[in-house]
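In: based on what follows, work out the 3D shape:
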Amino acid sequence: MSDEHPLRNLTKDDNLPKVFLTPRELADHWCMAPHTLANWRHSGIGPKFTKVGARIIYSVDDVIAYEKTHNPADKP
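Out: Next up, the predicted model:
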């Protein structure tokens with residue numbers, strides 16, 4: 001068995017799909033202030049998030065799931 005980690009040879013130019021978004025990236029995507037997301041996290045609303053150390057990240061899958069259930073344009 002090799003001791004080499006499968007991510008060891010990746011570079012930033014490998015164009016991997018984005019799996020997580022930072023609060024800034026999500027706020028930009030939704031055209032809102034990052035502080036709004038912080039307020040939502042504090043209030044227990046908004047998409048699921050993960051805290052890694054001091055960083056907050058949002059799974060793209062969780063964001064898509066949230067958009068599907070909370071998009072006002074989809075409601076009659």
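In: could you use CA atoms for every contact and neighbour count after this?
Out: OK.
In: give me the number of residues near G53?
Out: By other CA atoms under 10 Å, the residues close to G53 number 6.
In: cool, and N39?
Out: As a burial measure, N39 scores 12 neighbours (other CA under 10 Å).
In: what of T22?
Out: When counting by other CA under 10 Å, one arrives at 15 neighbours for T22.
In: also L26?
Out: Other residues near L26 number 19, with proximity taken as other CA under 10 Å.
In: give me the most central residue, the protein.
Out: The centroid of the chain falls nearest to Y58 when counting by CA atoms, centre = their mean (2.3 Å).
In: with only the CA atoms kept, save the lowest-mean-pLDDT helix or strand in the chain in PDB.
Out: Every helix and strand of the chain was ranked by mean pLDDT, DSSP states H and E. The lowest is helix 60-70, at a mean of 90. Output of helix 60-70 as PDB, limited to C-alpha atoms (Å, rounded to 0.1, in the frame of the first residue of the first chain):
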ATOM      1  CA  VAL A  60     -22.600  23.500  -2.300                       C
ATOM      2  CA  ASP A  61     -25.100  20.600  -2.000                       C
ATOM      3  CA  ASP A  62     -26.600  22.100   1.100                       C
ATOM      4  CA  VAL A  63     -26.900  25.500  -0.600                       C
ATOM      5  CA  ILE A  64     -28.700  24.000  -3.500                       C
ATOM      6  CA  ALA A  65     -31.000  22.000  -1.200                       C
ATOM      7  CA  TYR A  66     -31.800  25.300   0.700                       C
ATOM      8  CA  GLU A  67     -32.500  27.200  -2.600                       C
ATOM      9  CA  LYS A  68     -34.900  24.500  -3.700                       C
ATOM     10  CA  THR A  69     -37.000  24.800  -0.500                       C
ATOM     11  CA  HIS A  70     -36.700  28.500   0.100                       C
END
